[in-house]
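A.B. asks: sequence first, then the predicted structure, then my questions.
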Amino acid sequence: MNVLSIQATLSEQVIAAIRTVIGSDQAVLHQPSFNGNEWHYLKECLDSTFVSSVGKFVDRFETDLATFTGAKYTVAVVNGTSALHIALKLAGVQAGDEVLIPALTFVATANAVTYCGATPHFVDSEERTLGVDPIKLRDYLKNHTEQRGGQCVNRETGRIIRAIVPMHTFGHPADLDGIMVVAHDFNLALVEDAAESLGSCYHGQHTGTFGLMGTLSFNGNKTITTGGGGAILTNDSELARHAKHLTTTAKLPHAWEYRHNEIGYNYRMPNINAALGCAQLERLPAMLAAKRELFQRYRASFNDVEGVQLMVEPAKCQSNYWLQTLILDPEQADNRDNLLKATNYAGIMTRPAWVLMHELTQFSDCPRMDLSTAHSLVQRLINIPSSSSLVTRAS
Ligand SMILES: *Cc1c(COP(=O)(O)O)cnc(C)c1O
């Protein structure tokens, strides 16, 4: 008798391990939960009639966010993409520049670069963090760029590489120490895409507060949501002032006059979204604890499943575990699609990582380094149900 026939397939083992943790219900990937003051603050906001660009919830949300992250200043905006757009603009990214971003990211990172008229330049990730690999990047920059008048110039294209945007994948902090040294040595502005990492710390400091600026997202699928929303974090008062100005149509303060002194954007977060955000932020510590508990339950459950690893926070980091992540062993890479099919058919929502940016038609001509680790990771990453409510419901 064939030994294999009496063993459960990898898909069966993975489904069983997930079911052990989440029970027999259908499960989505990530669901928001509103069991704090959400209704209360929304009603208060509606009753005040200040639902739009003025109101006390925006100010409070920005203050609460600064307190939570430790950033000196925060500017709340309509979404994470607009936060990135403004942060890149204020980092000096201009038309004709290049900006280093991971190939393994959500499309918003690349889109924001193009909104500045600049070109994304794709860099590889490392398996340990799922983020930018600073050692490989340093080597690449040494061989492909030169310093001209304090600027990093791409020798092949002749364009200035103005900035680098590491992204903290699924809430796991990238190697910020390594990336900061590369940014410093090659004269690159550092802007962190912390859209996925609210609540994640690197060496005890909140992600998004290491660079010149960092950006957050409060989209419906993120750790907390304002419906749609984002924020810029910075410790620089002048950058914060300018970010606020640009995102509020660059209007000069005046009792009645409409005067705008540069091309601005209508990117300010509406008060009604901030009302939701204030309530969500109050519950963030509890949600983070629940997501960590969910990780621990999955870890116990997947302990005996051979061929897959559950992604663990990098050393000296505290991840928010926004999306729990399975990494298939290289020999199991061919099994990814079977696993996705089997789990989704079983009512367990799972998703692969994004298609790598340079494989999208609109970015296929952009410069890039060797992306072998990103390629390998994409073939092996699977996100599994991650809502904090999976823990609170079960306990
Ligand atoms: C969610 C996300 C953003 C921003 O998304 P919005 O939907 O515009 O809020 C940016 N970068 C990454 C990596 C994201 O996951």
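C.D. replies: Great, that's in hand.
A.B. asks: which parts of the stretch 251-395 of the chain are helices?
C.D. replies: Counting by DSSP state H, counting those that start in this stretch, the stretch 251-395 of the chain has helices at residues 271-302, 336-345, 372-378, 389-394.
A.B. asks: any chance of those helices in a markdown table with distance to the ligand and mean neighbour count as columns?
C.D. replies: C-beta here means a position set from N, CA and C on the backbone, and glycine is covered the same way. Formatted as a markdown table, these follow (distance: least, C-beta to the nearest ligand atom, whole Å; neighbours: other C-beta atoms under 10 Å):
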| stretch | distance to the ligand | mean neighbour count |
| --- | --- | --- |
| helix 271-302 | 11 | 21 |
| helix 336-345 | 19 | 16 |
| helix 372-378 | 14 | 19 |
| helix 389-394 | 20 | 18 |
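A.B. asks: what residues does the stretch 51-200 of the chain have near the ligand?
C.D. replies: Neighbours of the ligand within the stretch 51-200 of the chain, by C-beta under 6 Å from any ligand atom: 79-81, 105-106, 108-109, 167, 193, 195-196.
A.B. asks: ok, the stretch 201-350 of the chain next?
C.D. replies: 217, 219, 230.
A.B. asks: quick one: contacts for the closest residue to the second one other than its chain neighbours?
C.D. replies: Meaning Asn219. Of all residues not flanking Asn219 in the chain, Gly228 sits nearest, at 6.0 Å (C-beta to C-beta, 6 or more residues apart in numbering). The neighbours of Gly228, taking C-beta atoms under 8 Å, 6 or more residues apart in numbering as the test, are 78-79, 218-220, 273.
A.B. asks: tell me the two of these that are most distant?
C.D. replies: Val78 and Gly220 (13.6 Å; C-beta to C-beta).
A.B. asks: and the residue nearest to Ile224 when sequence neighbours are not counted, what pLDDT?
C.D. replies: Leaving out its chain neighbours, the residue that sits closest to Ile224 by C-beta to C-beta, 6+ apart is Gln280, at 3.9 Å. Listed pLDDT for Gln280 reads 98.
A.B. asks: surely Gln280 is in contact with Lys222?
C.D. replies: No: contact criterion C-beta atoms under 8 Å: Gln280 and Lys222 do not qualify, at 9.9 Å.
A.B. asks: not counting its neighbours along the chain, what's nearest whichever residue of the chain sits closest to the ligand?
C.D. replies: Nearest residue of the chain to the ligand: Gly80, at 2.5 Å (C-beta to the nearest ligand atom). Among residues not flanking Gly80 along the chain, Ser217 sits closest, at 2.7 Å (C-beta to C-beta, 6+ apart).
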